[in-house]
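# I'll drop the sequence and a predicted model, then ask my questions.
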Amino acid sequence: PTQSPPALSPQALAKALGLPAPTPEQSRVIAHPLTPLLVVAGAGSGKTATMSQRVVHLVASGAVRPDQILGLTFTRKATAELASRVSTRLGQLADARLLPGAGQSSGSAANAAELGEPTISTYNAFAAALVRDHGLGIGIDPDATLITAARAWQIVDDLLAERTTPLPLDPTPTTVRAVLRVDGALSENLLSVEDAAEGLEDLHQLFAGLAGIRGLSGLFKGKAGTMATQRALLDLAAEYREHKRRHGLVDFGDQIALACRIVDEVPGAARALGEQYPAVLLDEFQDTSVAQSLLLSRLFAGGGVTAVGDPNQAIYGWRGASAGALDTFHERFNPDGAAGSPVLPLSTAWRNDRAILRAANVISSPLRRREARPGDPEAVRIPVEELRERPGAGPQEGRVVGAFVQDPLQEARTIAAFMEERWGPDAQMAVLCRTRAQIAPIAEALEERGVPYEVIGLGGMLDVPEVADVRAALTVAADPERGERLMRLLTGQGLGAADLAALAALAR
């Protein structure tokens, strides 16, 4: 007989599915009711496993059906991983005859198919679907073309080339990049061009006033030119936005901003989504932008929202994200404020053994100790616990070694010496670099010491030979004066130096 779903604890459910027993921290997250919950998950603390088991527990307890669950994350890779994990767990649930509402036919696929599948998507894809389904409600073509970053760059570059009115800045690639950055910032912060122009005028007046104060003129006399440049960039961003509107184009930033408009101006859309997804999982919540956080709170505030994040792992600050999203979670998602919205930790590190974990905790301790200060938007207010070792963690014999060096060359030689000392036929070693510029010196140092190596990701896609050949052909077709690209094409056809010298003489 099928077990009574409400009687299943996280531990009993894990045992029934043949999974490792969750820790007490994981169990509290897994069994939390359908109310707003913020989970602070440290690096390697098993958040994906915990979230997938939370989905299974919600389904097994009868709280929701599988098709009433929405999971959002940032990358397609993370989306695929979460979707695969959830699908596997639901299949195991069906095999164990613990899937409420499903028939008793044999086979997980048959049982799970009866109740549908959770919706697992990226944040931008979710916003795009919202625009596609309800865009007509705000006068937006639901079939608007999504443009890539390369296409956006080309549009702005053409606008600069066609402009006849003089600008206080040169039409360079840096200018194109700045215009796209301004446009993205407007979208991510839900600002109109008019709002931004008003703010720039306020700043201009402020700087002008400060420049008139004795002793401050030297600091602020050049700000007038800076503000003129910023205003020109804003005007160009407005032209770019108008071009997108006329030609039915949208970019990723537009999708979020338009989705927010739909939620505000098409009440039925927000109501329908809130009813469709009573259980929502928000991954990497610390990296959500202002617009994303507001969109999700307007859709799902007061519902079964589980947001998972870590203020010490925010990486998208360049596009408007802030760890402050965690601080405002309770205010935005719980209509009653912070009351009744707990913050639960996941602090058991499953990824590392003791030596690495101890070193990581020492290095990250300043981030945990940082206290909130007035006027500091990045101050950490959400508590972050120190990572703890997993049950059965490896012994303490290992070492974490650090070196302080003066230049990249010395760094490369230090790394090569370290690896040469430990090299052997069965050795498994890797060097992870923050930038590609660090890779070449390290590879040369390993070469000098005779340590075999393989370089991955030195030059990116543009340095892949086939891609470089295509790029050279396109460049020469557009500009016959690009001799260095022509040389690549000619030498690739088997022409040597002597052949090229003879060809050059003939050309003369």
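Ah, there it is.
# could you list the low-confidence segments of the stretch 101-250 of the chain?
Scanning the stretch 101-250 of the chain for pLDDT under 70 picks out 101-114.
# now with 50, please.
105-108 (pLDDT under 50).
# same deal with the stretch 251-400 of the chain?
Using pLDDT under 50, the stretch 251-400 of the chain drops low at 372, 374, 378-380.
# in it, mark out all the strands, start to finish.
279-282, 304-309, 343-346, 348-349, 388-389 (DSSP state E, counting those that start in this stretch).
# redo the ones you listed as TSV? Include mean neighbour count.
C-beta here means a position set from N, CA and C on the backbone, and glycine is covered the same way. Putting the strands of the stretch 251-400 of the chain into TSV (neighbours: other CB atoms under 10 Å) gives the following:
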stretch	mean neighbour count
strand 279-282	25
strand 304-309	25
strand 343-346	20
strand 348-349	22
strand 388-389	16
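# what's the span of stretch 399-414 from first residue to last?
Length of stretch 399-414, first residue to last, CA to CA, to the nearest Å: 17 Å.
# buried ones in that stretch?
Judged by neighbour count using 16 or more other CB atoms under 10 Å, the buried positions of stretch 399-414 are 411-413.
# out of those, which are inside helices?
411-413 (DSSP state H).
# quick one: average confidence on stretch 445-459?
The average pLDDT for stretch 445-459 rounds to 86.
# tell me the contacts of residue 159?
For residue 159, the contact set (CB atoms under 8 Å, 6 or more residues apart in numbering) comprises 236, 239-240, 243.
# over to residue 76?
residue 122.
# before we move on, what about residue 399?
With CB under 8 Å, 6+ apart, residue 399 has these contacts: residue 355.
# make JSON lines out of the buried residues of stretch 399-414 and add pLDDT.
Output for these, formatted as JSON lines (pLDDT from 0 to 100):
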{"residue": "411", "pLDDT": "95"}
{"residue": "412", "pLDDT": "96"}
{"residue": "413", "pLDDT": "96"}
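# which one is the spatially most central residue of the chain nearest to, not counting chain neighbours?
The chain has residue 74 as the residue nearest its centroid, 4.6 Å off, counting by CA atoms, centre = their mean. Setting aside the residues directly before and after it, residue 74 is nearest to residue 284 in space (CB to CB, 6 or more residues apart in numbering), at 5.4 Å.
# next one: the one you found from residue 364, what distance?
Using CB to CB, to the nearest Å, we find residue 284 at a distance of 18 Å from residue 364.
# which one of those two has more residues nearby?
Shown here are residue 284 and residue 364; by other CB atoms under 10 Å, residue 284 has more neighbours (23 against 17).
# does anything pack onto the host helix or strand of residue 474? Which helices or strands?
Using DSSP states H and E, residue 474 maps to helix 465-478. Under the contact definition 3 or more CB pairs under 8 Å, 6 or more residues apart in numbering; DSSP states H and E, helix 465-478 sits against helix 483-491.
# the helix it packs on: which residues count as buried?
Applying 16+ other CB under 10 Å to helix 483-491 flags 485-486, 488, 490 as buried.
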